[in-house]
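A.B. asks: Dropping a prediction and its sequence here:
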Amino acid sequence: MIQDIRDIYQEVEKFMDQEITLQGWIRNHRKQKEFGFIDFNDGTYFKGVQIIYDNTLPDFEEIQKLRVGCALTVKGTLKKSPKENQAFELHLSSYQLEGDCPEDYPIQPKRHTREFLREQAYLRPRTNLFGAVFRIRSIAAMAIHEYFQKNHYVYVHTPLITTTDCEGSDQMFKITTLDFNHLPMVDGHVDLSKDLFGKQAYITGTGQLHGESFAMAYKKIYTFGPTFRTENSNTKTHANEFWMIEPEIAFCDLDGLMDIEEEMLKYVVSYVLEHAQEEIAFCDSFVEKGLKQKLEKLVASKFVRITHHEVVDILKKANIKWEFTPDDNEDIAKEHERYITEYFDGPVFITNWPKDIKAWYMKVNDDGKTVAAVDLEVPGAGELMGGSQREENYDKLQKRMKEMGIEEDVVDWYCNLRRFGGCYHSGFGMGFERLLIYLTGVENIRDVIPFPRTPGNCDY
């Protein structure tokens, strides 16, 4: 029977002094005159197994020719290791070469820059860093699903192709089946009636609006899938394709929403700390010193709740010369986010934002100047989540749309949710990659997405 390396680490006594079979890849091969050592990993666990062989094997010379990257099936006896930092080793008895690897294999056993590894995106999961990052990604995704499923949310697959312009059409990818070399024209404009859907269609920038319609039937729903933006930004936190978690909850106000955000984030971080211990330890040692302590501190924190106006007051009273002057009518800058989380020494919910800088579907507060919106700022990462109480009043929503120039016929179905048994409701969005940056300490979004899509970069 072929074993996974993960099983051996979890039940080492069961396999000790037993003959076992493993399948995986050579990470390193150190050759001596009469014996050799192979660092072997099968991808099922962060750590690998050291294989020891000597010249008593009949195919000793052939084994010594095996190169880094080769895929093998190996058979041998698991023995206790004499090394203090190594619990066991495999004494090789036989092997089968499943896939050879040439000398110019790019992932050699040495330190590679992250920039170099982005150019080898199809191979970088074989390195320790990305082996850890993408396993944490998998575990965090599982934690998100588990949290919502345990709390009786319905998982909704909102469309990737949409005609709804929610985030602004200038930020959305347009799709068409028309031939650009022979476009059908009417009165100087492209005749979209000849296109596949008979109208302008986009690749989604959010599943929120469609999610709200399901919340009006199931009470609690969430979406978790890819979203797309055309933003031409080359920062460390922006990508043109990324994943979003977007819950929508009926009969939920802004305070209730913040309760859910805090509970969910603590659940996910706790789950990762429990189920990715080796990976977090690696990132703590080699990516961000103090990472584990930072995550544990977040789980133990009580999140502060403060209004945008109160934040601006704190910033203005600070004895700091800001690059961007705090203003009651403006967004806050990265430097402000950092200061506020340091000021309170923990995560901070900032509520009641100026309505002119927020979206049209957010509920306008009684002051007529702010909306019932909330951003969650976390130490070291800034904004991690953004949400709001949605406007449930049909007439008020219509008025807000006119103020902001939103075309009613595009979202008339969304507005009708207010006419057909609507209720107060709220929701938030969290960029999955932003969360992963926080969980791993890896500061560039390109390094937490398997195949990043950013301006000028659409390889593979």
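C.D. replies: Thanks, I have the structure now.
A.B. asks: Which residue ranges of the stretch 351-460 of the chain form helices?
C.D. replies: Secondary structure of the stretch 351-460 of the chain (DSSP state H, counting those that start in this stretch): helices at 394-404, 412-416, 432-440.
A.B. asks: For L196, which non-adjacent residue is spatially closest?
C.D. replies: Nearest residue to L196 in three dimensions, chain neighbours excluded: T177, at 4.3 Å (C-beta to C-beta, 6 or more residues apart in numbering). Any C-beta I mention is one placed from the backbone N, CA and C, and that applies to glycine too.
A.B. asks: Does that neighbour touch L192 like I think?
C.D. replies: No - applying C-beta atoms under 8 Å, one finds T177 not in contact with L192, separated by 10.8 Å.
A.B. asks: quick one, which of these two is more surrounded?
C.D. replies: Remark: of T177 and L192, L192 carries more neighbours, 16 against 9, as counted by other C-beta atoms under 10 Å.
A.B. asks: returning to what we had before: can you check my assumption that the residue nearest to L196 lies in a strand?
C.D. replies: No - assignment of T177 by DSSP: H, G, I helix; E, B strand; the rest coil gives coil, placing it outside any strand.
A.B. asks: Which pLDDT does the model give it?
C.D. replies: We have a pLDDT of 94 for T177.
A.B. asks: before we move on, the earlier item: determine which of the helices of the stretch 351-460 of the chain approaches H336 most closely.
C.D. replies: Among the helices of the stretch 351-460 of the chain, helix 432-440 comes nearest to H336, with 17.6 Å by C-beta to C-beta.
A.B. asks: what's the spacing between that closest one and its chain's center?
C.D. replies: Here helix 432-440 is found 5 Å from its chain centre; the criterion is C-alpha atoms, centre = their mean, to the nearest Å.
A.B. asks: Packing partners of that helix?
C.D. replies: Helix 432-440 is packed against helix 128-150, strand 241-250, helix 254-275, strand 382-390, with contacts defined by 3 or more C-beta pairs under 8 Å, 6 or more residues apart in numbering; DSSP states H and E.
A.B. asks: Pull up the pairing partners for the second one, direction included.
C.D. replies: When you say that, I think you mean strand 241-250. According to DSSP bridges, strand 241-250 forms sheet pairs with strand 220-228 (antiparallel), strand 425-431 (antiparallel).
A.B. asks: Mean pLDDT for the ones you listed - can I get that in a markdown table?
C.D. replies: Shown next, in a markdown table, are the strands paired with strand 241-250 (pLDDT from 0 to 100):
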| stretch | mean pLDDT |
| --- | --- |
| strand 220-228 | 97 |
| strand 425-431 | 97 |
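A.B. asks: M1 contacts L22, correct?
C.D. replies: No - the pair M1 / L22 is not scored as a contact, 10.8 Å apart, by C-beta under 8 Å.
A.B. asks: These two: which has the busier surroundings?
C.D. replies: Between M1 and L22, counting by other C-beta under 10 Å, L22 is the more crowded of the two (24 against 4).
A.B. asks: E231: neighbour count?
C.D. replies: When neighbours are counted by other C-beta under 10 Å, E231 registers 16.
A.B. asks: Apologies, that question was intended for P125.
C.D. replies: For P125, using other C-beta under 10 Å, the count is 16.
A.B. asks: Repeat that for E342.
C.D. replies: Using other C-beta under 10 Å as the criterion, E342 is surrounded by 12 other residues.
A.B. asks: What is the burial count for the spatially closest residue to it that is not a sequence neighbour?
C.D. replies: Using C-beta to C-beta, 6+ apart and skipping residues adjacent in sequence, the residue nearest E342 is P379, 7.0 Å away. P379 sits with 20 neighbouring residues when counted by other C-beta under 10 Å.
A.B. asks: got TSV for the helices and strands packed on helix 432-440, with mean neighbour count, distance to N85 and mean pLDDT too?
C.D. replies: Below are the helices and strands packed on helix 432-440 laid out as TSV (neighbours: other C-beta atoms under 10 Å; distance: least, C-beta to C-beta, whole Å; pLDDT from 0 to 100):
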stretch	mean neighbour count	distance to N85	mean pLDDT
helix 128-150	19	16	98
strand 241-250	23	37	97
helix 254-275	18	23	98
strand 382-390	22	36	96
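A.B. asks: what's the closest of these to E115?
C.D. replies: Among the helices and strands packed on helix 432-440, helix 128-150 comes nearest to E115, with 12.7 Å by C-beta to C-beta.
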